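[1] heads up, no residue letters with this:
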């Protein structure tokens with residue numbers, strides 16, 4: 001058995017979980033926050049048989065296509081209360097998913 005952790009943007013979470021549940025994958029959702037853009041993410045935990053790992057990952061990839069987005073950095077305080085007002089638009093790639101596959105010794109569902 002394997003345990004997949006898939007970190008997806010909140011924008012993609014409904015599509016991903018819907019597609020996974022349609023294929024009879026059991027999914028547990030956790031709300032998380034990303035580091036770089038500080039946007040909401042959802043971490044999905046999926047326990048499954050070894051032979052279903054590739055199909056699960058393909059579903060996640062299909063639902064989380066990457067795309068470009070323009071964002072503006074917000075002012076921040078650096079060090080001794082100096083405020084940086086550098087607000088320069090940046091082109092950032094969003095979407096996609098971070099996927100980790102771990103061995104799972106035991107899985108029980110009551």
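    Received the coordinates, thanks. The model shown is predicted, which means the values in this text are computed figures rather than measured ones.
[2] tell me the mean pLDDT for stretch 18-25?
    Mean pLDDT, stretch 18-25: 96.
[3] And the strands in this structure?
    2-9, 28-33, 40-48, 67-72, 76-78, 82-84, 89-94, 97-103 (DSSP state E).
[4] what's next to the last one, contact-wise?
    Meaning strand 97-103. 1-8, 12, 16, 53, 57, 60-61, 64 (C-beta atoms under 8 Å, 6 or more residues apart in numbering). Glycine gets a C-beta too; all of them are placed from N, C-alpha and C.
[5] What is the most widely separated pair among those residues?
    Distances among these were taken as C-beta to C-beta; the most separated pair is 1 and 12, at 25.4 Å.
[6] Of the two, which one has the most company?
    residue 12 (20 against 14; other C-beta atoms under 10 Å).
[7] residues contacting the spatially closest residue to the more buried one that is not a sequence neighbour?
    What sits nearest to residue 12 in space, not counting adjacent residues and going by C-beta to C-beta, 6 or more residues apart in numbering, is residue 64, at 4.8 Å. By C-beta under 8 Å, 6+ apart, the contact set of residue 64 is 8, 9, 12, 16, 95, 96, 97.
[8] switch to 7 Å and redo it
    8, 12, 16, 95, 96, 97 (C-beta atoms under 7 Å, 6 or more residues apart in numbering).
[9] Now the first one. Nearest residue, chain neighbours left out?
    The one in question is residue 8. Counting by C-beta to C-beta, 6+ apart, the residue nearest residue 8 is residue 97, at 4.8 Å.
[10] roughly how far apart are that neighbour and residue 105?
    25 Å (C-beta to C-beta, to the nearest Å).
[11] Equivalent analysis for residue 31, please.
    When distance is defined by C-beta to C-beta, residue 31 is 27 Å away from residue 105.
[12] Residue 96 too?
    In this view, residue 96 and residue 105 are 29 Å apart by C-beta to C-beta.
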